[in-house]
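S.K.: here is my input; please provide its structure:
(chains A and B)
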Amino acid sequence: MRLAALLVGSALLLLVGCRRDVDVPPSTSGERIDGPFALELPPGFPPLPEHGGVPLTNASVQLGRALFFDPRLSRDGTIACASCHFPDRAFSDTVPISRGIDGRTGMRNSPPLTNLAWHPAYFRDGGVPTLEQQAIAPIHDPVEMDFNVQLVAELLADKEPYASLSELAYGERLSAFHLVRSLASYQRTLISGWSRYDRYLQGDPAALSQAERRGSELFNSPALGCGTCHSGHDLSDHRFHNIGLYTLSPDPGRARISLDPLDHGKFKTPTLRNIALTAPYMHDGTLRTLEEVVDHFARGGQAAPNKSPLVAGFTITDQERSDLVAFLKALTDERPIDQVDLP
Amino acid sequence: MERIIVLSLSVLMLVACRKDRSEPEPPAPTPTPQVAGVLKLTVVPIWEGQPLQMFTEYRNHADQRVTVELLKMYLGELELTRPGTAKRLSDVIYMDLGTGPVSHYWPVDTGAWTGMRAHLGVPDALNMSDPSLYGAGHPLNVNNGTYWTWATGYRFAMFEGRYDLDPASTASLVNAFAYHPGRSFCYLPLQFDPAGGMRVAEGDTTELRVLVDVERFFHSSEGVIDMATENVDHGNVPALALKMATNITLSMSLE
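M.R.: Residues are numbered from 1 along each chain as shown, chains lettered A, B, ... in the order given. Reported below is the predicted structural model:
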């Protein structure tokens, strides 16, 4: 009976998989849907932090995954999370600022959604402390989904695969409580850490070309100092910096949350993992290419009042710039970020 | 009949507690050792002594034309007080004053009480909590439209409407104002002590009526709102938020 239910649930997952313009990777993992989710972490990664929420189970992750790709999370059924976070772009967008419901323009560039479990706070200004609370924001944002998490839960609770998966994951009918936890659970499983650079660090010298190795050395050199902020397993210190993108940033950044003028124009250091896939760059997507990004830091940015002293500029030759960009492109994962259907 | 009301209120308090979540729940009201009376708090929105009419044109202190279109607020940590002790009535209550006076009821001990104290807004712990914990009917339910998703917290008050700076104009009001004070620095204390105190008798309902004079939102001894330059705050203008929150607290008085 349980097996039959699982199979039906999986079939329904497949059925609801493709809606409108969002391509949903089909799920094939019905046979292991009801147990703990076997999350695989890259070598050398710290353990998944405690998050105080529900445990990661196959059902909760599957439920979150189905929700992530479902445009019914928006008021008019047109915008899913995946509408602005494409799986093949490390769950980021391809445009400077994403468009939400009714073509409304958002506020900032959609960030990639990898290694989120280790982030101390969410959004580029760090205004939200948990992934569960983050999940509510785009649903309610009038320029993103313009809907209501309670109404979404009510709308979907009796529909498949949500009814079956919610029962499997929580033993209850889908509610807003389950909805945000499921979205958070799925996003916690989006792990990036299988790039050629990772293989290189693990002792495979052939994983990087000579140019990429030269780029790696430049990246970590005191002269460039990229690795000062882009450090650790996520290649980010997850702290807030003004990098001099503007003399007076039109976006208050971290100051919007802290109300501290000294935080004006500061944004959370983005991960550099899969950076070749996540153009355009910066919080507002103003830089189109990695070369433009390198040039920005080489110039030392604009003379913003609270610009980080770490952004002081440096001299770089064309060859070095090419090597550095080659290295950045070696940070792309060699396997899917989404682990739900991994064999 | 009043005993039935008291009993019903007790039952309501009991069933209001959800226990099916792993997340911390909002603190439950302190158990009442002797439920013998009822306190009724009624908050009445007015404009210069008269019941507030939404979408009705008023003149503010600067003779500017104003209509009110939205008026919501929270009161936090409501406590009934008497010398040496206090009884927590509620951690937070929500009021949509756009529909007129709002009443809340609590079972309380009999005897003499000095009055009530509270705060404008949502206590810190609840303000930072996960809104998906709160179902329909809970003051912190997201359906109330008071949750700031981007900053994790609630608007302590939402005061919106339209205005015209020209007192001589007869045109329709088109300029919108919106004041949304929130965040911990806007969590301001309130005290309502009736002259001579208040007495709760067994089986009786004792009412405390608090008037909110919306006209006073624009001016007080602590600050005047200049609508020409101070007409919008969505949590990004802290000085204006604090001035509005202060004016709101000063607009409240016992009837």
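S.K.: so who does the closest residue to B:E230 other than its chain neighbours touch?
M.R.: Spatial nearest neighbour of B:E230, chain neighbours left out: B:L240 (5.1 Å); criterion: Cβ to Cβ, 6 or more residues apart in numbering or on different chains. Every C-beta, even on glycine, is put in place using the N, C-alpha and C of the backbone. By Cβ atoms under 8 Å, 6 or more residues apart in numbering or on different chains, the contact list for B:L240 reads B:Y179, B:I225, B:E230, B:D233.
S.K.: right, and the last one touches B:A241 too?
M.R.: Yes. With contact defined as Cβ atoms under 8 Å, B:D233 and B:A241 form a contacting pair (5.1 Å).
S.K.: overlap in contacts, the two.
M.R.: B:Y179, B:H180, B:P181.
S.K.: by neighbours, which of the residues you listed wins?
M.R.: Neighbour counts for the shared contacts of B:D233 and B:A241 peak at B:P181, which has 29 neighbours (criterion: other Cβ atoms under 10 Å in any protein chain shown).
S.K.: from the contacts of B:L240, which two are the most distant?
M.R.: Farthest pair in the contacts of B:L240 (Cβ to Cβ) is B:I225 and B:D233. Separation: 10.0 Å.
S.K.: shared neighbours, those two?
M.R.: With Cβ under 8 Å, 6+ apart, B:I225 and B:D233 have common neighbours B:L240, B:M244.
S.K.: for the residue in chain B positioned nearest to chain A, which non-adjacent residue is spatially closest?
M.R.: Closest to chain A within chain B is B:T149: 3.7 Å, counting by Cβ to the nearest Cβ. If the residues on either side of it in the chain are set aside, B:T149 comes closest to A:A137, at 3.7 Å by Cβ to Cβ, 6+ apart.
S.K.: residues touching that neighbour, list them.
M.R.: A:F123, A:V128, A:E144, B:T149, B:W150.
S.K.: ok, the third one to chain B distance?
M.R.: It stands for A:E144. 10 Å (Cβ to the nearest Cβ, to the nearest Å).
S.K.: the residue nearest to B:E230 belongs to a helix?
M.R.: Yes. According to DSSP: H, G, I helix; E, B strand; the rest coil, B:L240 belongs to a helix.
S.K.: one step back: now, the most widely separated pair of the contacts of A:A137?
M.R.: A:V128 and A:E144 (13.9 Å).
S.K.: distance from stretch A:142-158 to the middle of the chain?
M.R.: In this view, stretch A:142-158 has its centroid 21 Å away from the chain centroid, taken as Cα atoms, centre = their mean, to the nearest Å.
S.K.: err, stretch A:46-58, not the other one
M.R.: A distance of 17 Å separates the centroid of the chain from that of stretch A:46-58, by Cα atoms, centre = their mean.
S.K.: gap between the two ends of that stretch?
M.R.: 22 Å (Cα to Cα, to the nearest Å).
S.K.: that older thread, quick one: pLDDT of the residue of chain B closest to chain A?
M.R.: Looking at B:T149, its pLDDT reads 88.
S.K.: can you report how many residues neighbour it?
M.R.: 22.
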